[in-house]
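Trainee: how would this look folded up:
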Amino acid sequence: MMFRKNEKETATTAPSAAPKAMPARSVPPSLAGVKHIVAVASGKGGVGKSTVAANLAFALKQRGYRVGLMDADIYGPSQPGMLGAGSDKAAITDDQKLTPVSRHGIDFISIGLLIDEDTPVIWRAPIAMKMIMQFIGAVEWGERDFLLIDLPPGTGDVQLTLAQQAALTGAVIVTTPQDVALGVAKKGLRMFEQVNVPVLGIIENMSGFTCTHCGKTTAIFKEGGGRTMAERLGVPFLSAIPLDPEIMMSGEQGAPVVSASPDSEPSRAFLKVADRLAEEITRRQACDGTEPLALELTDDRTLTIDWPGDLRTRHTAYHLRKSCTCANCIDEDTGRQLLDPSRVPLDISITDIKPVGRYGLSITFSDRHSTGIYTFDHLRSIDEGDSAEDRPPSFDV
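Mentor: I've put the predicted structure just below:
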């Protein structure tokens, strides 16, 4: 969604009478030409997530899609090595835009394309977040069917920033079959659910090693854990990727196995993942009903939201301000309201609205309060209905 900034009004100026209609979604201009943004994630490191991301990019490309790849692992970038970038560096244009590097027909960006190969990134989190914001807003991606984002392990700032700023189509969770990896992968999956990012499926990596001499398959890290987790959580199982030395060797040589050996067994597994991922996105697009279709602000004091299924909710600025759930307004531990409703100005208005990922709105009020995120579920639960329109101007009460 996108909200045009109100340039006229403050709390002391007269509001405009005409409703302001807004598009239902907003994305950074650099991502405007990207149809689907998919995060490749894992709660735990060492499960082969970056290898899966690189090969999935090539599998989608082999199916005819236009694909870009963003390496969002600021502290441990691995895509430059896997894609054989060598000493190639990303170009910076006169208007401070980053141009991705192209290898084997895949355009990608990484912090590894901006610094020397042996230079460690010793940054505090706020600086790393600035680089992520540069990757979101200052890379010339152009027209793409898919942009895959290779996330670092964990459920921290990077994951949350991308969920809020990049309007993710969904996330793919990579895990290995053993219990310790599945438990952490489940946490990553729950994080995406909490920020309303659809989980498009689970990939079980390193699933069984087949001996090239005797043909016997050995489940070195167990087998079937990813499929079982997907079934228990009601999430699609995209496929199992075998533990195959060819995957490792191709990555070491700077050409992912799908590019180097497109007819190999690992390549066929990655192509299966690509096909099922595309099918899942198509299926979800057909039944997606959680995000608003349109927003309309009347007199800067009444917000009307149209939802799928002919649902319309209405909210006054005064009621929205009182219903803020940020840490300044609600005690996070006890749930007790910290905001004194009597201190909310009766003539309070809305000065700005910004989308937050695919799960909420950030609203700025004329009292300068702006720290609350109104999730879509919360907005539906605090609907005032027609009473929002019937309410007399607050200063006449």
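
Trainee: The longest helix along the chain packs against which elements?
Mentor: Assignment by DSSP state H gives helix 265-287 as the longest helix of the chain. Applying 3 or more CB pairs under 8 Å, 6 or more residues apart in numbering; DSSP states H and E, one finds that helix 265-287 contacts strand 34-41, helix 49-62, strand 170-175, strand 199-204, strand 237-240, helix 257-260. (Glycine included, C-beta is placed from N, CA and C.)

Trainee: will you turn those into JSON lines that also has mean neighbour count?
Mentor: Listed next are the helices and strands packed on helix 265-287 as JSON lines, based on neighbours: other CB atoms under 10 Å:
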{"stretch": "strand 34-41", "mean neighbour count": "23"}
{"stretch": "helix 49-62", "mean neighbour count": "26"}
{"stretch": "strand 170-175", "mean neighbour count": "26"}
{"stretch": "strand 199-204", "mean neighbour count": "26"}
{"stretch": "strand 237-240", "mean neighbour count": "23"}
{"stretch": "helix 257-260", "mean neighbour count": "24"}
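
Trainee: out of those, which comes closest to Leu147?
Mentor: Closest approach to Leu147 among the helices and strands packed on helix 265-287 (CB to CB): strand 34-41, 4.7 Å.

Trainee: Export the closest one to CSV, keeping only CA atoms.
Mentor: What follows is strand 34-41, C-alpha atoms only, in CSV (Å, rounded to 0.1, in the frame of the first residue of the first chain):
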residue,chain,number,x,y,z
VAL,A,34,9.9,-7.4,-9.7
LYS,A,35,6.9,-9.7,-9.7
HIS,A,36,7.8,-12.1,-6.9
ILE,A,37,10.2,-11.5,-4.0
VAL,A,38,11.0,-14.7,-2.2
ALA,A,39,13.2,-15.0,0.9
VAL,A,40,15.3,-18.2,1.3
ALA,A,41,15.7,-18.6,5.0
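
Trainee: and it, which strands flank it?
Mentor: In the sheet, strand 34-41 lines up against strand 144-150 (parallel), strand 170-175 (parallel) (DSSP bridges).

Trainee: Next secondary structure element downstream of the last one?
Mentor: It refers to strand 170-175. Next helix or strand after strand 170-175 toward the C-terminus (DSSP states H and E): helix 179-194.

Trainee: ok so, going back, is it possible to get JSON lines of the strands paired with strand 34-41 that adds distance to Ala163 and mean pLDDT?
Mentor: Listed next are the strands paired with strand 34-41 as JSON lines, based on distance: least, CB to CB, whole Å; pLDDT from 0 to 100:
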{"stretch": "strand 144-150", "distance to Ala163": "10", "mean pLDDT": "96"}
{"stretch": "strand 170-175", "distance to Ala163": "8", "mean pLDDT": "94"}
